[in-house]
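Participant: Quick one, fold the following:
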Amino acid sequence: MNTPTTGISKVLDKLLRPLLFDKHVRSTTIIDGVDLIRRLETYAANGYRKPTTCLCTLDITDLYTMLPQEESLNVLMEFLHYSGYQKVKGIPCDAIRKSAHLVITENLFIYEKNFYKQIIGGAMGSAFILRLANIFMWKLEKELVHRQEASNEIYDRYIDDIFFISNQSLDIINEMLDEANNFHSNIKLVRQIGTNLPFLHVYIENKNGTLTTSVYHKEAPEPHIVPFKSDHPRHVFKNIIETALLRAMRYSSTLDIFHQERRSIQLMLLYNGYEQSLANYKEDVHRVWNEVFNKTSIMATKLIGNRNNCNTAEELVS
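Facilitator: Next comes the predicted model:
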């Protein structure tokens, strides 16, 4: 995006990003499904997993466009003072607030030949608004994070989606989430609690104390992918197959789950006209496996249920 405040937005983002991520949210930020699975494995290995362990997700509704402007700036100042800053790289905190005020309040746009000014939230695509939203969430989730860490539970966030695990009762969990939902009237958290649920592209299930993972498929787009007869470069189709196989290998917690996903991929490819590509499908499976895991001990692969099987690589395609 290109607006009169774009330059200021980029400078503020560059200024604040290291302070926020490195010092405050690195431990509770996940980057993808593999990162989530690693944390689940650590949680289980430390003995915190129970048959009654609840899985919880929170979806923050319209975070960027519903940010309260003045309150967000107040939280920004609180964050800087909490971090011990009077200046950041020589720039006084008061000057940072004034610059941030310009970025979040001076958003004009045209709709049906009329000019409008945004009075709630910030511009989508603005580098600083993304950072400001994360700082606002630092304030909102601070108590949640503290409670989770005190009880050795997982709390992770990916942008505006939150995942956490709890061994508390449902009443206590809902009470905790009700408090978080009352933090500000603009920000609403849609919750999902159970023993099995999806997060990002991972489907997680607690089966009597055993956490299993698999690839999660959203109903809307399945089983549609780019048709093989479409006018795309050939490498696009190769990448689609490799990405699907790679995700299956990384997210499947047992060999049986992987085989189910592998068959689903085959059916999806057939449905979208990839008959030609399926001639080498078995070779593709082994090639992707070798590229990803060739230098990795079988004990460290994501096929958790088969880590003691030295022939796992050979058994990938039956």
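Participant: switch to C-alpha atoms for all contacts and neighbour counts from now on
Facilitator: OK.
Participant: can you pull out the strands in the stretch 201-318 of the chain?
Facilitator: Taking DSSP state E, counting those that start in this stretch as the test, the strands found in the stretch 201-318 of the chain are 202-207, 210-215.
Participant: Buried deepest among those, which one?
Facilitator: strand 210-215 (a mean of 21; mean count of other C-alpha atoms under 10 Å).
Participant: So what angle separates the directions of that one and strand 202-207?
Facilitator: 160 degrees (axes from the mean of the first three to the mean of the last three C-alpha atoms, to 10 degrees).
Participant: Run the chain-centre distance for strand 210-215.
Facilitator: 17 Å (C-alpha atoms, centre = their mean, to the nearest Å).
Participant: CA atoms only: put that strand into PDB for me.
Facilitator: Written as PDB, here are the backbone C-alpha positions of strand 210-215 (Å, rounded to 0.1, in the frame of the first residue of the first chain):
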ATOM      1  CA  THR A 210      -2.200 -39.500  23.700                       C
ATOM      2  CA  LEU A 211      -1.900 -36.400  21.400                       C
ATOM      3  CA  THR A 212      -2.200 -37.300  17.700                       C
ATOM      4  CA  THR A 213      -1.800 -34.900  14.800                       C
ATOM      5  CA  SER A 214      -2.800 -35.000  11.100                       C
ATOM      6  CA  VAL A 215      -3.500 -32.600   8.200                       C
END
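Participant: what are the pairing partners of it, and which direction each?
Facilitator: strand 202-207 (antiparallel) (DSSP bridges).
Participant: what mean pLDDT does the partner strand have?
Facilitator: In this model, strand 202-207 has a mean pLDDT of 95.
Participant: Just the CA atoms of that strand, as PDB, please.
Facilitator: Provided in PDB are the C-alpha atoms of strand 202-207 (Å, rounded to 0.1, in the frame of the first residue of the first chain):
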ATOM      1  CA  VAL A 202      -3.100 -29.200  11.900                       C
ATOM      2  CA  TYR A 203      -5.800 -31.400  13.300                       C
ATOM      3  CA  ILE A 204      -5.000 -32.200  17.000                       C
ATOM      4  CA  GLU A 205      -6.700 -34.900  19.000                       C
ATOM      5  CA  ASN A 206      -6.300 -36.000  22.600                       C
ATOM      6  CA  LYS A 207      -7.100 -39.700  22.700                       C
END
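Participant: just how off-centre is it within its chain?
Facilitator: With C-alpha atoms, centre = their mean, you get 16 Å for strand 202-207.
Participant: Contacts for that strand, please.
Facilitator: 33, 51, 53-55, 195-198, 211-216, 251 (C-alpha atoms under 8 Å, 6 or more residues apart in numbering).
Participant: run the last query once more with 6 Å
Facilitator: Identification of contacts with strand 202-207 by C-alpha atoms under 6 Å, 6 or more residues apart in numbering yields Thr195, Asn196, Leu197, Pro198, Leu211, Thr212, Thr213, Ser214, Val215, Tyr216.
Participant: so who does the second one touch?
Facilitator: Think Asn196. Contacts of Asn196 (C-alpha under 6 Å, 6+ apart): Ile204, Glu205.
Participant: Distance to Arg147 for the strands of the stretch 201-318 of the chain - can I get that in TSV?
Facilitator: Conversion of these to TSV gives the following (distance: least, C-alpha to C-alpha, whole Å):
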stretch	distance to Arg147
strand 202-207	22
strand 210-215	22
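Participant: what's the farthest-apart pair in the contacts of strand 202-207?
Facilitator: The most widely separated members of the contacts of strand 202-207, counting by C-alpha to C-alpha, are Thr195 and Val215 (16.4 Å).
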